[in-house]
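[1] My questions are about this predicted structure, shown below with the sequence.
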Amino acid sequence: MDDLARVKERIEQLKAQINYHNYRYHVLDSPEISDADYDGLMRELKQLEEKYPVLLTPDSPTQRVGAEPVAAFGVVEHRLPLLSLGNVFSTDELFAWYTRTSKLVTNETFKLVCEHKIDGLAVALTYVDGQLTTGATRGDGFRGENITQNLRTVRSIPLSVGKEAPPRFEVRGEVFLPKAGFHKLNQERAAEGLPLFANPRNAAAGSVRQLDPRITARRPLDIYVYALGYAEGGAIPQSHWERMEYLKSLGFKINPNNVRLSTIDQAEDYYRNWTEKREKLPYEADGIVVKIDSISVQDLLGDVGHEPRWAIAYKFPATQAITRLNKIAISVGRTGTLNPYAVMEPVSVGGVTIKQAALHNEDDIRRKDIREGDLVYIQRAGEVIPEVIGPTPESRQSPERGKEFSLLEKLREISKEKWQKNQPLCPECGSEVYKPEGEVMYYCSNAACPAQVQARLELFTSRGAMDIRGIGEAMAALLFEKGLVKDVADIYSLKKEDLLTLERIGEKSADNLIQAIEGSKNRSLARLIYALGIRHIGEEMAGILAQNFSDLDDLAQASKERLMTIPAIGPKIAESIVTFFKQEENLDIIARLKKAGVWPKAEVAKPAELPLSGQEFVITGTLQAFSREIAHEKVKALGGTAKDNVTRNTNYLVVGEEPGGSKLTRAQALGTKQITEAEFIKLIGEG
Ligand code: IVH
């Protein structure tokens with residue numbers, strides 16, 4: 001076998017493994033390997049494809065990380081229009097819809113499917129000969145935008161489907177940003193002074209419509225498929241429920257909360273049940289969709305205007321409440337940002353008591369015209385972090401209303417009380433504050449401000465950063481207070497004896513902590529960059545930087561110009577990085593981290609060691625547990641190769657029921673090891 005053929009084989013093997021693990025992780029939510037091992041496979045594939053570009057195909061999982069920026073989105077004509085849904089707002093209306101509809105089909109009773117109405121962005125995905133060829137937005141229902149490159153980056157969208165799929169078909173679904181991702185994104189945007197996304201729908205749309213797919217790739221977008229648009233040349237099930245099952249079997253992600261029901265009363269129960277439980281969902285749902293299951297009944301009913309008669313949306317009531325905004329207080333963030341937040345009269349929203357909410361920045365507060373003493377609407381759109389929407393009309397019009405919010409005024413007020421000075425000062429350390437040109441946030445000027453140092457320690461040890469279990473908010477504060485840790489590098493000089501001097505710490509927890517610190521030394525470069533808490537560098541940006549620099553020294557030496565050659569980096573971020581690495585204290589921290597062995601390099605690919613690496617299998621006869629194709633997939637996923645003919649290179653011939661004569665004879669002639677299906681199953685670790 002020549003070199004290229006060998007590489008090709010390895011590439012195919014890697015693709016099969018990665019696709020399989022993607023499916024486990026993103027569709028089944030049940031990963032089998034660690035993130036690090038997964039990254040290892042991706043790196044190896046990427047390197048091989050870089051070295052042998054002829055072997056790079058558009059369906060490769062590496063192509064999800066984002067191709068070159070698209071100049072502008074093209075237009076896609078939808079073959080069948082993407083409809084919207086009619087709404088009902090009460091149980092009576094829901095029942096009325098059902099009665100009306102059943103009368104139209106001569107009082108037939110029919111099964112219903114209930115689904116969540118996901119708050120995201122509708123997309124249509126076209127597959128031709130098993131490959132994803134086009135991904136489009138809904139647009140006006142007839143023409144949408146071509147966002148194929150961006151949708152390729154959504155891990156739960158299959159880039160290709162099995163041969164059993166129809167030669168040409170279109171599926172429809174909702175692309176969304178889970179609540180956690182939405183909040184993280186907004187927090188990062190607030191820190192950068194960018195306008196916030198009002199809801200997950202806007203955030204998903206904003207992410208998917210990025211001109212640079214690499215940015216889309218960094219957002220944790222997900223999809224639930226909810227319809228088959230059309231299918232050509234394949235037998236397709238004739239009920240919605242079975243169609244969803246069918247799409248699931250092709251690898252599409254279907255919401256596990258969908259149900260098939262027999263009566264409209266049950267649909268009403270589904271609605272009531274989820275109205276209460278929706279807070280706990282990891283995604284935002286704004287209601288339920290009730291669909292008639294039978295496709296022939298759907299066809300009979302048809303559409304009216306842009307809406308099908310066979311489906312209806314029943315929205316959840318809003319989780320809003322009104323309460324008094326007692327005052328606006330200020331906290332100090334890790335980069336010294338002075339963050340305003342609302343302190344409110346405690347109020348229960350959707351079963352959770354709320355008394356505080358982030359207010360992001362002065363501009364946002366003024367834009368919403370939020371003032372101390374106002375009655376305000378607050379909203380918990382299901383997530384943990386509540387949002388202040390704005391004052392009630394009564395408060396807005398009240399003649400006794402408070403003054404428009406001014407951050408400097410507020411700081412002056414606090415420092416009068418706390419430091420007896422008539423100046424806007426940091427509410428934590430009393431240092432001067434400043435606002436960089438073109439930014440919306442004010443900052444504390446003292447890098448040694450205890451609140452900042454503690455927040456930096458917290459960030460450094462947090463889960464998305466160096467992930468040091470055992471150092472959370474309270475522990476970071478304690479270590480700092482006792483003078484054991486003055487900056488993040490000090491963490492690596494901590495000794496067990498130091499920890500034992502702390503009241504709450506015993507032998508066992510001291511050992512655990514030391515071990516956790518030691519373990520954090522081999523975190524990735526992306527995590528370390530993020531952990532440093534450079535202004536404007538969130539996880540997304542840290543990931544991009546780690547792809548472009550070999551280590552922290554390389555990044556520290558980068559000029560503003562070099563940084564700005566990276567498409568996602570503009571002048572503000574470049575400036576922030578250069579400024580960070582100019583500061584003596586930071587260079588000192590980095591030098592000490594290096595000395596302590598906290599020095600990740602940009603990842604270099606090394607072939608993953610897998611249980612069947614270097615082993616070649618041939619299967620003859622019929623297997624009971626799975627088809628031959630699946631058996632081949634399994635072998636490949638474990639690092640082995642699967643062939644159709646026995647050669648000198650074959651290590652095992654798996655002998656199933658009614659084996660073919662020629663393979664057996666050849667194996668006997670060559671002395672190839674023969675194994676039974678049971679032995680094979682053991683070998684692949686499933687026995
Ligand atoms: S079915 C013809 N199912 O709601 C029926 N839509 O207002 C087409 N949506 O544009 C839609 N979750 O973006 C359907 N489970 C679900 C949905 C869903 C969210 C969105 C979809 C559509 C809008 C209609």
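    Cool, the structure landed.

[2] Just to check, E345 is in contact with N326?
    Yes. The pair E345 and N326 passes the contact test of CB atoms under 8 Å, sitting 6.2 Å apart. In short, each C-beta sits where N, CA and C put it, glycine included.

[3] where along the stretch 501-650 of the chain do the helices fall?
    Using DSSP state H, counting those that start in this stretch, the helices of the stretch 501-650 of the chain run over residues 507-519, 525-531, 539-548, 552-556, 560-564, 571-582, 584-595, 628-637.

[4] roughly how far out does the last one sit from the chain middle?
    Helix 628-637 has its C-alpha centroid displaced from the chain centroid by 29 Å (CA atoms, centre = their mean, to the nearest Å).

[5] tell me which element the closest residue to the ligand within the chain falls in.
    Per CB to the nearest ligand atom, A122 is where the chain lies closest to the ligand, at 3.2 Å. According to DSSP states H and E, A122 maps onto strand 121-128.

[6] Quick one: neighbours of S262, just the number.
    12 (other CB atoms under 10 Å).

[7] if we can go back for a sec, okay, now the residue lying closest to the residue of the chain closest to the ligand once chain neighbours are set aside: neighbour count?
    Among residues not flanking A122 along the chain, R138 sits closest, at 4.1 Å (CB to CB, 6 or more residues apart in numbering). For R138, the count of nearby residues is 19 (other CB under 10 Å).

[8] pLDDT score assigned to R138?
    R138 is assigned 89 on the pLDDT scale.

[9] Same check on the one 4 residues further on?
    Confidence per residue is given as pLDDT, and for F142 that number is 89.

[10] Please pull out the lowest mean pLDDT helix or strand from the protein.
    helix 628-637 (a mean of 79; mean pLDDT, DSSP states H and E).

[11] And that one, what's buried?
    By 16 or more other CB atoms under 10 Å, the buried positions in helix 628-637 come out as R628, A631, H632, E633, K634, V635, K636, A637.

[12] In terms of secondary structure, what does it contact?
    Counting contacts by 3 or more CB pairs under 8 Å, 6 or more residues apart in numbering; DSSP states H and E, helix 628-637 is packed against helix 3-22, strand 616-620, strand 641-643.

[13] Could you tell me which residues of this protein lie near the ligand?
    83-85, 115, 117-118, 122, 138, 174, 226-227, 289, 308, 311, 313 (CB under 6 Å from any ligand atom).

[14] Just name the most buried of the helices of the stretch 501-650 of the chain.
    helix 525-531 (a mean of 24; mean count of other CB atoms under 10 Å).

[15] what ranges do the strands span in the stretch 301-450 of the chain?
    With DSSP state E, counting those that start in this stretch, the ranges of strands along the stretch 301-450 of the chain come out as 303-304, 307-308, 311-315, 320-332, 338-349, 352-358, 375-379, 387-391, 433-434, 443-444.

[16] among the ones you listed, which is nearest L459?
    strand 320-332 (13.0 Å; CB to CB).

[17] what are the pairing partners of that closest one, and which direction each?
    If you go by DSSP bridges, strand 320-332 pairs up with strand 338-349 (antiparallel), strand 375-379 (antiparallel).

[18] Tell me which of these sits most buried.
    Highest mean neighbour count among the strands paired with strand 320-332 (mean count of other CB under 10 Å): strand 375-379, a mean of 19.

[19] Centre of the chain to that strand, how far?
    Relative to its parent chain, strand 375-379 has a centroid offset of 29 Å by CA atoms, centre = their mean.

[20] quick one on the thing from earlier: for the helices and strands packed on helix 628-637, could you give me JSON lines that also reports mean pLDDT and mean neighbour count?
    Shown next, in JSON lines, are the helices and strands packed on helix 628-637 (pLDDT from 0 to 100; neighbours: other CB atoms under 10 Å):
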{"stretch": "helix 3-22", "mean pLDDT": "89", "mean neighbour count": "17"}
{"stretch": "strand 616-620", "mean pLDDT": "92", "mean neighbour count": "22"}
{"stretch": "strand 641-643", "mean pLDDT": "88", "mean neighbour count": "19"}
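
[21] Out of the ones you listed, which is closest to F405?
    Closest among the helices and strands packed on helix 628-637, using CB to CB: helix 3-22, at 46.7 Å.

[22] Sweet, I'm off.
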